[in-house]
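Student: the following block contains a protein sequence and its predicted model.
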There are 2 protein chains.
Amino acid sequence: MRFAEQVRKEVIRSGNPVCVGIDPSTDRMAEVLLQHGHNGKGKRDIGALLTLFGRLVIDAVSSLVPVVKPQSAYFERYGSEGIRALEAIVKYAKDKGLLVVLDVKRGDIGETSLAYAEAYLGEDGPFGGLIDCITLNPYLGPDSLAPFVEVARRTGKGIFVCVKTSNPGAVYLQNQIANGEPIYAHVARLVARFAEEQNLPQGYSDMGAVVGATCGSEAREIRNLLPRSLFLVPGLGAQGGSLEVVRDCFDADGMGAIVNSSRGITYPPGHYTSLDQLGEAVQQAAKKFITDVQSCRPQPA
Amino acid sequence: MRFAEQVRKEVIRSGNPVCVGIDPSTDRMAEVLLQHGHNGKGKRDIGALLTLFGRLVIDAVSSLVPVVKPQSAYFERYGSEGIRALEAIVKYAKDKGLLVVLDVKRGDIGETSLAYAEAYLGEDGPFGGLIDCITLNPYLGPDSLAPFVEVARRTGKGIFVCVKTSNPGAVYLQNQIANGEPIYAHVARLVARFAEEQNLPQGYSDMGAVVGATCGSEAREIRNLLPRSLFLVPGLGAQGGSLEVVRDCFDADGMGAIVNSSRGITYPPGHYTSLDQLGEAVQQAAKKFITDVQSCRPQPA
């Protein structure tokens, strides 16, 4: 089953379209976690710590949500050791029945994009075809995205192209008006073309878009440009996104978007004396976030 | 010594401003190389093969050029094993006295960009401060680049922000006219601001730009917008860039730009019966490329 169909199935099964971001940062981790990330000799074992964090989050949320999204930066931070932990976490998430979006925001000239595409979406890549979807950056243009589209179609995987991101500086380039419309609309038209080329009789294409929950009325405009694309919606919570924007990202049946929270779920404030206690707090934060998202999600007629 | 000063010193010492790209792809490697990338049991040892390729290229060019540029995609293609090979190659290049630009084209929301910046430019990152400079993608705006600028300034490292890339589709977004000038000029102004903020009494800033050799008369325009920034110039050779454009990227003294070739140097056509023979062919291709670049490089008065 291809990516967008799996998302539909899993969103229906879970009863919500929430994605939990996995961004392991030692600066934010609870003391009880940091105590566990050591080898026998008192030296920090960073690979073990990253993996422990990922497993704790996955164990806490796998019965609640359909999707998790590891952020590659926090694993690359520790080089090959970090990537080994990422490989283990992706496998663990898939074993628990979750869909995995890897947030890498790649994009390069054609042959290099192809290497990235095979790395993350290829059957014989280092993740063994376990990653369901990745995020992409469109600055280099159509030919920088095309190899990802091709590999994704071959392997039944998905892509989310950054159309409108959730950070304050997103407006600097993305909202420049060119030829009568903002740059993000030009990117949206590109994604729409990739979606149309999939030539599906019905349902969402596997060629999706990142649309930040901070973007105001633009969400509706982007939804109109991209009627067949899934949206990955970050920025609700810590970054100040709004439920109104999230609502505009859904279709009338409450489908078509998955809504991400990372820090707001995985770093619950408070003091924890055991990993179980921390896991419960993560689970509670996930439930709270699900309630928020469901409150603005259109219900099917 | 900070990055741009090191570039100046090494370009003067080498007598040329050439950068050799390290893009290990098994699809392009000579048979004699592929024969070596096996463990005792006849199974391919991809980490050993990538490292061998990198060492062969570095051995061939380290006495000729000042800079090498590994492309991260070709290492990520093999996950943690690939990144381990990248770590080894970066160390090997530094041991041979080369400057190392890692081509990663990263860019994300602030806290994530900071994790990337610490990964690649931080003293205590997995590369141990050995990477001298990385490439960045500006689509997410100023706040996505700022953490890289901050870490680079702290550690004396450099950045090259993609302003105008060398691929055919670069025009799709980069040449859209907004507010009277193309998007790439908006990016150039952002880089210029970062360069000015470095507040240097003289010389080039460490905040540079990627400017493709395929861009025609735009090179001169970008040079005018960025008088204090080093340019990384890809696209000469395989991608059809021109020596005229390369010339426009230099200042009157023939400084201010480093010119990259990857495939054109590291995959010389022909059949090779030994690694030594292949290494010699790589060296010859590098010499030829150096001659081409020097032919268009302004000579100091």
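Tutor: All right, it came through fine. Numbering: from 1, shown residues only, chains lettered A, B, ... in the order given.

Student: need the residues of the stretch 201-301 of chain A near chain B, please.
Tutor: Residues of the stretch 201-301 of chain A lying close to chain B (C-beta under 8 Å from any C-beta of the partner chain) are residue A:239. All C-beta atoms are positioned from the backbone trio N, CA, C, and that covers glycine.

Student: give me the residue at the spatial middle of chain A.
Tutor: For chain A, the residue nearest the mean C-alpha position is residue A:69 (4.2 Å; C-alpha atoms, centre = their mean).

Student: what secondary structure does that residue sit in?
Tutor: At residue A:69 the chain is in strand, as set by DSSP: H, G, I helix; E, B strand; the rest coil.

Student: contact partners for it?
Tutor: Counting by C-beta atoms under 8 Å, 6 or more residues apart in numbering or on different chains, residue A:69 touches A:19, A:20, A:21, A:22, A:100, A:101, A:102, A:103, A:232, A:260, A:262.

Student: touching, residue A:285 and residue A:265? I think so.
Tutor: Yes. Look at residue A:285 against residue A:265 with C-beta atoms under 8 Å: they come within range, at 4.5 Å.

Student: so the two - more neighbours on which side?
Tutor: residue A:265 (28 against 22; other C-beta atoms under 10 Å in any protein chain shown).

Student: from residue A:295, how far out is the more buried one?
Tutor: As judged by C-beta to C-beta, to the nearest Å, residue A:265 and residue A:295 stand 16 Å apart.

Student: try residue A:275
Tutor: Relative to residue A:295, and taking C-beta to C-beta, residue A:275 is found at 31 Å.

Student: higher neighbour count, those two?
Tutor: residue A:275 (17 against 10).

Student: all strands of the stretch 151-300 of chain A, in order?
Tutor: A:158-164, A:177-178, A:181-182, A:205-211, A:229-233, A:257-261 (DSSP state E, counting those that start in this stretch).

Student: so which of these comes closest to residue B:92?
Tutor: Of all these, strand A:158-164 sits nearest to residue B:92, with 34.6 Å by C-beta to C-beta.

Student: which one of the residues in the stretch 101-250 of chain A is closest to chain B?
Tutor: Chain B sits closest to residue A:126 of the stretch 101-250 of chain A, with a gap of 2.4 Å, by C-beta to the nearest C-beta.

Student: and that residue, its phi and psi?
Tutor: phi -70, psi -20 (degrees, to the nearest 10).

Student: leaving out sequence neighbours, find the closest residue to it.
Tutor: Distance criterion C-beta to C-beta, 6 or more residues apart in numbering or on different chains; nearest residue to residue A:126, sequence neighbours excluded, is residue B:79 at 2.4 Å.

Student: quick one, what contacts the one you found?
Tutor: Neighbours of residue B:79 in contact, by C-beta under 8 Å, 6+ apart: A:83, A:84, A:87, A:119, A:125, A:126, A:127.

Student: ok, back up a step: distance of the residue of the stretch 101-250 of chain A closest to chain B relative to residue A:173?
Tutor: In terms of C-beta to C-beta, residue A:126 sits 32 Å off from residue A:173.

Student: and the pLDDT at residue A:238?
Tutor: pLDDT for residue A:238: 76.

Student: what is the neighbour count of it?
Tutor: Number of residues near residue A:238 (other C-beta under 10 Å) recorded here: 14.

Student: wait, it sits on residue A:265?
Tutor: No. Using C-beta under 8 Å as the test, residue A:238 is too far from residue A:265 to be in contact (10.0 Å).

Student: wait, what's in contact with residue A:107?
Tutor: Residue A:107 sits next to A:113, A:136, A:137, A:138, A:139, A:140, A:144, A:145, B:105, B:137 when contact means C-beta under 8 Å, 6+ apart.

Student: let's see that with 10 Å instead.
Tutor: Residue A:107 is in contact with A:113, A:116, A:135-141, A:144-145, A:147-148, A:161-162, B:105, B:107, B:137, B:139, B:162, B:165, counting by C-beta atoms under 10 Å, 6 or more residues apart in numbering or on different chains.

Student: now intersect these with the strands, please.
Tutor: A:135, A:136, A:161, A:162, B:105, B:162 (DSSP state E).

Student: columns distance to residue B:96 on top of the residues you listed, output as JSON lines?
Tutor: Below are the ones in strands among the contacts of residue A:107 laid out as JSON lines (distance: C-beta to C-beta, whole Å):
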{"residue": "A:135", "distance to residue B:96": "36"}
{"residue": "A:136", "distance to residue B:96": "35"}
{"residue": "A:161", "distance to residue B:96": "39"}
{"residue": "A:162", "distance to residue B:96": "38"}
{"residue": "B:105", "distance to residue B:96": "25"}
{"residue": "B:162", "distance to residue B:96": "28"}
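
Student: help me confirm that residue A:13 is found in a strand?
Tutor: No. Looking at residue A:13 with three-state DSSP, it is helix, so not inside a strand.
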